[in-house]
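Participant: what follows is a predicted protein model with its sequence.
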Amino acid sequence: MPSVATLAPSTEANGSGKTLNVNDNIARFSAPSRPRSPPAEHTLFHPKTRAFVYGMQTKAVQGMLDFDYINNRSTPSVAAIIYPFGGQFVSKMYWGTSETLLPVYQSTEKAIAKHPEVDTVVNFASSRSVYSSTLELMEFPQIRCIAIIAEGVPERRAREILHIAKKKGVTIIGPATVGGIKPGCFKIGNTGGMMDNIVASKLYRKGSVGYVSKSGGMSNELNNIVSQTTNGVYEGVAIGGDRYPGTTFIDHMLRYQADPECKILLLLGEVGGVEEYRVIDAVNDGIITKPIVAWAIGTCADVFTTEVQFGHAGSLANSKMETAKAKNEAMKAAGFHVPETFEKMPDLLAEVYQTLVSNGTIVPEKEPAPPKIPMDYSWAQELGLIRKPAAFISTISDDRGQELLYAGMPISEVFAEDIGIGGVMSLLWFRRRLPAYASKFLEMVLMLTADHGPAVSGAMNTIITTRAGKDLISSLVAGLLTIGERFGGALDGAAAEFTNAIDKGLSPREFVDTMRKQNKLIPGIGHKVKSRNNPDQRVELVKDFVRRNFPSCKMLDYAIAVETVTTSKKDNLILNVDGCVAVCFVDLLRNCGAFSAEEAEDYLKMGVLNGLFVLGRSIGLIAHHLDQKRLRTGLYRHPWDDISYMGFGTDAAPGGANRAMVDLGK
Amino acid sequence: MSAKSVSEADGKAIINYHLTRSPAITTSTLPPPPHNAPPKLASLYFPEDTAPETILQTAETTYPWLLAPGAKFVAKPDQLIKRRGKSGLLALNKTWEEAKQWVLERAGKPVKVETVTGNLRQFLVEPFVPHKQEEEYYINIHSLREGDYILFTHEGGVDVGDVDAKAKKILIPVDLKEYPSNEAIASALLPDVPKFVHNVLVDFINRLYAVYVDCQFTYLEINPLVVIPNADATSASVHFLDLAAKIDQTAEFECGAKWAIARGPAALGTNVGGSGKVDIDAGPPLEFPAPFGRELSKEEAYIAALDAKTGASLKLTVLNSNGRIWTLVAGGGASVVYADAIAAAGFGEDLANYGEYSGAPTETQTFHYARTVIDLLLRSPMREEGKVLFIGGGIANFTNVASTFKGVIRALREVAPQLNEHKTKIWVRRAGPNYQEGLKNIKAAGDELKLDIKVYGPEMGVAEIVPVALLGASTKVKEYGEI
């Protein structure tokens, strides 16, 4: 396990009186100098290889940069990211423990123009778009190598890509691969896994074994085997499991043959296709002379009675020659080192390596100290190695799991139990299930407060805003902004005054008298048109429901007693709907058994009653907006004759007495 | 996802519809023909739970041409069976009554073709085309790395023989700009064919190849291809009587609509009451049937459906549902290595399944996958010697091992007592991102659930546990967590 370097920024700078700027820790790179001589024909990747990553794959890019860093590259291998859907211009990455900014381009052309030194692209485009993006990339002669990661590229498109690439001399790795790796030089995308595996498989310094495998997963297995049995990987490529990989075994085997630093060739073939035979031909023709350790997987296919499509699209034998068994026999006959089974390959590889060491072909170098690698914060967090206080806390809903949770209740249960909007409100507002009657009461309030005609100030504002051509949200908000102490706010006031009175032990008559002495109107009392003899149906509905369902309605009884006092003075001083809802709500909070006395007070203070009104009335305000839109009403202008303009005489001259005076306070 | 075989009926429907519609690659020798009439393809499926008679009755309303007086038909199973004529699975020149009888005798019944036994469930009934033996040709198009080969011989039919040896060939380069001229095609493929049908045949081959490209076939064989000259032998009509095809499933996003429209009721001219189901295209999505003798089990179909819904890869093939060795392996390559190792150890016959999960599936997907495999294990008959479950995998590149193993552990947890009842020995080997956590968790869960489980990390070779588990081979590698 590699050690973890500290991630916290140094605090020394602060100690010495300097202020630490965010930008102080950003490393900036110019393009690396050109290699003194152009890379040899067989060299695909070298320590100055520069690449684009096509697609916003920040995790893979970070992996590549980390690899570069522990391989002591002086500049990152990724020059820029190409992301056609991005509005982003830079992407922040780590370079060791400091940070660096990678440019992000929306167009390939621009990226190419800005980075003439780039010759490699790691293409993460999806199977749908990889064809067009790869064709576009190949139009630029500076691109020499493209790795295609996507799985499921149509075979015809893959073939078209590889034919164009062949004509243009571009090396394609993939599709359907993880890529490849060359210690000391370059790592394609996610090859080699996480940094701990890169270190465990000694991929931070070059060895002598060059391998080619189909499978990306198995290439990592090869990294492991090679690191344990030899002096390590020189270069490894996973050509991908599709039927038509852009380059095949022979292409890379020939490069390894030509590269004097690569001493042992390792080939992991597979059932399906005939590409292994081209390597056999090259050996028979004396083109490949270095020792080859080889194995084709899929030998089990012979024991199956029916045709089995293995995990890779290309792994299906269409003829006897394509079976793994035939390939292994043919490779053995051609003088490859072929083990009896895959499990015996490590021993055989070790044997071949030892022979080359003893005859002096390979001179093992002194093992450098394994590099320390910084660990990503998110990864360390996932591993449970670090902790930090969270900036935000949330206790009501959780969207991280398999199912959305409302106060711990899975959304499927919300519907299975049909808890209604009232039930959802009780979960999200109060973090608990309330009895059914309580949910019903909440819904009742929403229904009662939903609208109160076009003339009230909230609806008026919404209507005017809508008629000014504004959108739904603006119109709704214009209406909502009127809600306050005067409009709709009676709920809060009524709840506060009535509660206060009852808690002080004032009798209803004393309460009314106290309010009058203070020249205060009693919120929740009084109606413009309704009276005792002409009662407000809404109030009757609420009263009836509460009486029948609530365990106690002490507040409601008190308010009705207050109403008896006030109506004796004037017939229309009845308990109005705001007052009624407010006191019933207090009854609910105090008596439903779900809240402690403290909580009940707390919720009232938090303005939950206002919340009810805002929520309910939003229904009506949206309705007014839709209504006006539907009617195609035009911009509203209030008639002059409905405004009394005062203090502006018709004879007023400019600068005259009627001019509004502004004291500039000189 | 890969190139897969399609049923004969689907192949014919697609070619029939697109033959006059696919964009031409080359200039034709003939004036553009009118669009083909809807093909007469009565595709009959006989499910286990419906009487075959009912299916045949429904067919008469769906395909009214079956009842045409005096009509003669061909009936055959349509289940990717090769050389049906030689296996007695081809009824030629039958009246509808005779054809019905022939189908009834076989529908739903098992039949052995060469080495494979399977149930006959899918049949195709189509009009019989009377013709002479010398009018039977053979054509084959298949794709290779360097291009597509067209093979043609004038001696087609059941006894076509070794086509590789006798057929004329031409290679069509991948770049269609290099498509050969009509003359080149005629001289390469048709030297043994009467001159007067060259025009018709070259035009047909051009069109057929255009469909092959446009609908992304990877293999197409028509045998016999019947070319019947008209009375004054100036031209001829072309019929494709027997057809086998493979289509590239990965091209669904490009060709799905084309595959569907050719097989919709409008293109097929069938009478179907609106089922009310809304397809995403103007026809049903193309189906890729399982090879003959390997009907997709419910579990395999379930995993295939799961696989189709995710960018990750989930594959399951049951090889022997009574087998005692089951595998739950991550990775397309590693899974093959495990199967190899089991076969190499001499346990090929006991190997119950092939499968793999890879490409960073979620915990839940892995759970469903693991649960399916373990369910199958528990349903196979108990064995005196017990069962073996390999939870294997290579060193992952980017899959979070702890997360996928959480899904596996959940599955184990649900059926731990049954696993012990079946005397299941579990062998685990895995590595990759966060494998330490994954291995630690599965080891702890195994101990807690009293499972017979052994857990190894990257120190153990990928499938090295196989000989250790099955043959009792010795290993120096210690279990994960042991010092």
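Facilitator: Ah, there it is. Note that the structure is predicted; figures quoted are calculated from it, not measured.
Participant: please verify my assumption that residue A:217 contacts residue B:396.
Facilitator: Yes - in terms of CB atoms under 8 Å, residue A:217 counts as a neighbour of residue B:396; the distance is 6.7 Å. Just so you know, the C-beta spots here come from the backbone N, C-alpha and C atoms, and that holds for glycine as well.
Participant: what's the pLDDT at residue B:464?
Facilitator: At residue B:464, the pLDDT value in this model is 91.
Participant: how close does it sit to residue B:345?
Facilitator: Distance, residue B:464 to residue B:345, by CB to CB, to the nearest Å: 11 Å.
Participant: check contacts around residue A:396.
Facilitator: Contact partners of residue A:396, counting by CB atoms under 8 Å, 6 or more residues apart in numbering or on different chains, are A:406, A:407, A:427, A:428, A:431.
Participant: nearest to residue A:413 among those?
Facilitator: Distances from residue A:413 to the contacts of residue A:396, taken as CB to CB, are shortest for residue A:406 (9.1 Å).
Participant: need the contact list for that closest one.
Facilitator: A:396, A:397, A:414, A:424, A:427, A:428.
Participant: of those residues, which pair is most distant in space?
Facilitator: Farthest pair in those (CB to CB) is A:396 and A:414. Separation: 13.3 Å.
Participant: okay, and the common contacts of these two?
Facilitator: Shared contacts of residue A:396 and residue A:414 (CB under 8 Å, 6+ apart): A:406, A:427.
Participant: by neighbours, which of the contacts of residue A:406 wins?
Facilitator: Counting neighbours by other CB atoms under 10 Å in any protein chain shown, the top entry in these is residue A:427, with 22 neighbours.
Participant: what sits against that one?
Facilitator: By CB under 8 Å, 6+ apart, residue A:427 lies in contact with A:396, A:406, A:407, A:409, A:414, A:419, A:433.
Participant: taking those one by one, which sit in helices?
Facilitator: residue A:414 (DSSP state H).
Participant: in CSV: the contacts of residue A:427, plus pLDDT.
Facilitator: CSV is the format used below for those (pLDDT from 0 to 100):
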residue, pLDDT
A:396, 93
A:406, 95
A:407, 93
A:409, 94
A:414, 94
A:419, 94
A:433, 93
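Participant: and residue A:597, how many neighbours?
Facilitator: 9.
Participant: swap that for residue A:103, sorry
Facilitator: Residue neighbour count, defined by other CB under 10 Å, stands at 17 for residue A:103.
Participant: doesn't residue A:86 make contact with it?
Facilitator: No - using CB under 8 Å, residue A:103 is not in contact with residue A:86; the gap is 10.9 Å.
Participant: now the spatially closest residue to residue B:62 that is not a sequence neighbour: how far from residue B:38?
Facilitator: Distances taken as CB to CB, 6 or more residues apart in numbering or on different chains put residue B:270 closest to residue B:62, at 5.2 Å, once the chain neighbours are dropped. In this view, residue B:270 and residue B:38 are 8 Å apart by CB to CB.
Participant: give me the more crowded residue out of these two.
Facilitator: residue B:270 (19 against 16).
Participant: ok, residue 338 - contacts?
Facilitator: With no chain named, the answer covers chain A. Residue A:338 neighbours (CB under 8 Å, 6+ apart): A:293, A:294, A:295, A:328, A:331, A:332.
Participant: should've been chain B
Facilitator: B:327, B:329, B:390, B:392, B:462, B:463, B:466.
Participant: what do you get if the cut-off is 10 Å, keeping everything else the same?
Facilitator: A:297, A:300, A:342, B:325, B:327-329, B:331, B:351, B:354-356, B:390, B:392-394, B:429, B:462-463, B:465-466 (CB atoms under 10 Å, 6 or more residues apart in numbering or on different chains).
Participant: in strands, which of the residues you listed fall?
Facilitator: A:297, B:325, B:327, B:328, B:329, B:354, B:355, B:356, B:390, B:392, B:393, B:429 (DSSP state E).
Participant: residue B:284: which of those residues is nearest?
Facilitator: For the ones in strands among the contacts of residue B:338, the nearest to residue B:284 is residue B:355 (27.7 Å; CB to CB).
Participant: look up phi and psi at the closest residue in space to that closest one that isn't next to it in sequence.
Facilitator: Once flanking residues are discounted, residue B:355 sits nearest to residue B:316: 4.1 Å by CB to CB, 6+ apart. Main-chain torsions, residue B:316, degrees, to the nearest 10: phi -150, psi 130.
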